[in-house]
Structure formats: structure tokens, C-alpha cells
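**Student:** Structural data only, the sequence is not supplied:
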């Protein structure tokens, strides 16, 4: 089996990091959903009064919970970061440097959370 060309490997890394970032963002948004905005029939999905009270306690005091802050921050940061990273890849940036940038950003974001 032949080794991958640097540009092909860069494509794989870029797509993989983008997919992981999508899943991170989805998970954060899912975890930060306000159960108080669900109708009563969503009790079948586990949205109970206990969940609503837990959410209200986490978000009391006028400031959002850590999960909400992470979700909001990712909504701001991920699109711009991906725009810059994919832009560097598409305009012909050095494949190894672009791969490194994608991976370092992913590691930094993972550590930040």
C-alpha cells in the first residue's frame, strides 16, 4: 500500500477535525437545551420536572451555566476558526502546516472545554 500524498493526508485531517468539531458543537448544544421550553408530552423523552428544576438551579443567579457558556462560545468560535483553517487549506497552504493548525486548534478547544 502506497503512502498518502501530503495533500491527501491534509484533506483527511481537515475533514476529520471538522467532523469532530461538529460533534463537539452538537453535544454542547444538546447538553445546554432548556428543558423548560419543552411541552409536557416530552416527558417521554426524559424531560421531567426534576430535570427542569436541576436546570433552573444551575442557571440561577443571573449567569449562565458552564455548559451554556461553552455552547455559546463554540457557536461564535467554531465557524470563524473553520473558515480560517479551510481557507488556508484551499488557497494552497503547506499541507503539513495546515494539518498542524487543524490538529492544534482541535486540541486547544478540547483542552479549553
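**Tutor:** Yep, that arrived. All values reported here derive from a predicted model rather than from experimental measurement.

**Student:** residues contacting residue 85?
**Tutor:** Counting by C-beta atoms under 8 Å, 6 or more residues apart in numbering, residue 85 touches 14, 17, 98, 101, 102, 105. Where C-beta positions appear, they are placed from N, C-alpha and C, glycine not excepted.

**Student:** repeat for residue 14
**Tutor:** Residue 14 touches 85, 86, 89, 98, 99, 102, counting by C-beta under 8 Å, 6+ apart.

**Student:** Could I get the residues you listed in JSON lines, plus columns for pLDDT, distance to residue 32 and secondary structure?
**Tutor:** Below are the contacts of residue 14 laid out as JSON lines (pLDDT from 0 to 100; distance: C-beta to C-beta, whole Å; DSSP: H, G, I helix; E, B strand; the rest coil):
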{"residue": "85", "pLDDT": "95", "distance to residue 32": "24", "secondary structure": "helix"}
{"residue": "86", "pLDDT": "94", "distance to residue 32": "26", "secondary structure": "helix"}
{"residue": "89", "pLDDT": "94", "distance to residue 32": "30", "secondary structure": "helix"}
{"residue": "98", "pLDDT": "95", "distance to residue 32": "31", "secondary structure": "helix"}
{"residue": "99", "pLDDT": "94", "distance to residue 32": "31", "secondary structure": "helix"}
{"residue": "102", "pLDDT": "95", "distance to residue 32": "25", "secondary structure": "helix"}
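
**Student:** Now the spatially most central residue of the chain: which helix or strand?
**Tutor:** The structure's the chain has its C-alpha centroid closest to residue 25; by C-alpha atoms, centre = their mean the separation is 2.6 Å. Element membership for residue 25, per DSSP states H and E: helix 6-31.
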